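**Student:** Output the structure for:
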Amino acid sequence: MNNEENIPNSITDDDFPLIEKFKNGEEKAFTELVQKHKDKVRNLVFLTLGDVDYVDDISQDVFINVYHKVKSFRFESKFTTWLYRITVNKCRDYLRKKKGTKHFCSN
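**Tutor:** As a prediction, the model looks like this:
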């Protein structure tokens, strides 16, 4: 199945062939996407949170999310735009959880 007819003419993306391969069952294509984008995701997590302690955990959550959702990727934007939105949302989730955690001191 080829989604090229669904891709707007103005959008070209080196990642589209890898996404197509993964959608067609080639697990190695997903590994290639991770390898290609993991450093950028890690940097975005760090820049967003300023907390190095959670970079690996949140980055892993991002790619787990991508793994489960990439088959529904519609080629309406660049893959990196979609990936970075997922990353920012994971960072926001982390910040919401962190804000909701209360630290109590015993006297």
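
**Student:** make it CA atoms for all contacts and neighbour counts henceforth
**Tutor:** Noted.

**Student:** Can you tell me the element the residue nearest the centre of the chain falls in?
**Tutor:** Geometric centre of the chain, nearest residue: Leu83, 3.7 Å, by C-alpha atoms, centre = their mean. Following DSSP states H and E, one finds Leu83 within helix 79-100.

**Student:** And the strands in the chain, which stretches?
**Tutor:** Listed in chain order, the chain contains no strands at all (DSSP state E).

**Student:** residues near Val45, how many?
**Tutor:** For Val45, the neighbour count with other C-alpha atoms under 10 Å is 25.

**Student:** which ones are touching it?
**Tutor:** Residues near Val45 by C-alpha atoms under 8 Å, 6 or more residues apart in numbering: 55, 58-59, 87-88, 91.

**Student:** From Asn65, how far off is it?
**Tutor:** Separation of Val45 from Asn65 (C-alpha to C-alpha, to the nearest Å) stands at 15 Å.

**Student:** Val34 too?
**Tutor:** From Val34 to Asn65 the distance is 12 Å (C-alpha to C-alpha).

**Student:** Overlap in contacts, these two.
**Tutor:** By C-alpha under 8 Å, 6+ apart, no residue touches both Val34 and Asn65.

**Student:** Within its local environment, how many residues does the residue nearest to Ser59 when sequence neighbours are not counted see?
**Tutor:** Closest residue in space to Ser59, ignoring its immediate chain neighbours: Arg42 at 5.9 Å, by C-alpha to C-alpha, 6 or more residues apart in numbering. By other C-alpha under 10 Å, the residues close to Arg42 number 21.

**Student:** Now for Arg42: which residues touch it?
**Tutor:** 55-56, 59.

**Student:** how near is the residue nearest to the centre of the chain to Val55?
**Tutor:** From Leu83 over to Val55 (counting by C-alpha to C-alpha), the distance is 15 Å.
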